[in-house]
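[1] What shape does this take:
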Amino acid sequence: QVQLQESGPGLVKPSQSLSLTCTVSGGSITRFYYYWSWIRQPPGKGLEWMGTIGWRGGTFYSPALKSRTSISRDTSKNQFTLQLTSVTPEDTAVYYCAGGLRYGSRLSRAEYDYWGQGTQVTVSS
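    This next block holds a predicted model:
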């Protein structure tokens, strides 16, 4: 059974960078046709797709966040990582990693095959 686990700091200061890692177990992130995504949910708001890295390593980003977002992977550790620069309090959210055959802003949670438990990130001085 494929499982995803997010890890990273729970508190980040404004203007700093946020780095989160998703560790995948029970399946490879190089699995054919699979995409691995970062999604967040700010308090009181809906899910926001941030970006995706594909099985071949290609990356895709939300236009709204593209200038501040970078996703990379370490296939030897079966992990993929989110970097978000210049954070503000508006970046406070629960951050999730997810995997599936599709990706993008129009997907609901149910359309992903795999979903992490989420990690709370608060941006505050």
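[2] Over to Val121: give its phi and psi.
    When read as degrees, to the nearest 10, the backbone of Val121 gives phi -120, psi 130.
[3] just Arg109 next, same as before
    phi -60, psi -40.
[4] What pLDDT does the model give it?
    The score at Arg109 is 91. That number is its pLDDT.
[5] That one against Gly46, yeah?
    No - judged on Cβ atoms under 8 Å, Arg109 makes no contact with Gly46 at a distance of 10.2 Å. Just so you know, the C-beta spots here come from the backbone N, C-alpha and C atoms, and that holds for glycine as well.
[6] Between those two, point out the one with more neighbours.
    Higher neighbour count among Arg109 and Gly46: Arg109, with 11 against 7, using other Cβ atoms under 10 Å.
[7] is it true that Gly118 touches Tyr95?
    Yes - the criterion here is Cβ under 8 Å, and Gly118 meets it with Tyr95 at 6.6 Å.
[8] got a list of what the residue nearest the centre of the chain touches?
    The residue lying closest to the centre of the chain (Cα atoms, centre = their mean) is Trp38, at 2.0 Å. For Trp38, the contact set (Cβ atoms under 8 Å, 6 or more residues apart in numbering) comprises 20, 22, 49-52, 71, 82, 95-98.
[9] ok so, going back, quick check: neighbours shared by Gly118 and Tyr95?
    Joint contacts of Gly118 and Tyr95 (Cβ under 8 Å, 6+ apart) are Glu6.
[10] quick one: buried residues of stretch 57-75?
    Of the residues in stretch 57-75, 61-62, 65, 68-71, 73 count as buried by neighbour count, 16 or more other Cβ atoms under 10 Å.
[11] so how far is Phe60 from Lys13?
    29 Å (Cβ to Cβ, to the nearest Å).
[12] Please enumerate the strands of this structure.
    3-7, 11-12, 18-25, 35-41, 48-54, 59-61, 69-74, 79-84, 93-100, 114-115, 119-123 (DSSP state E).
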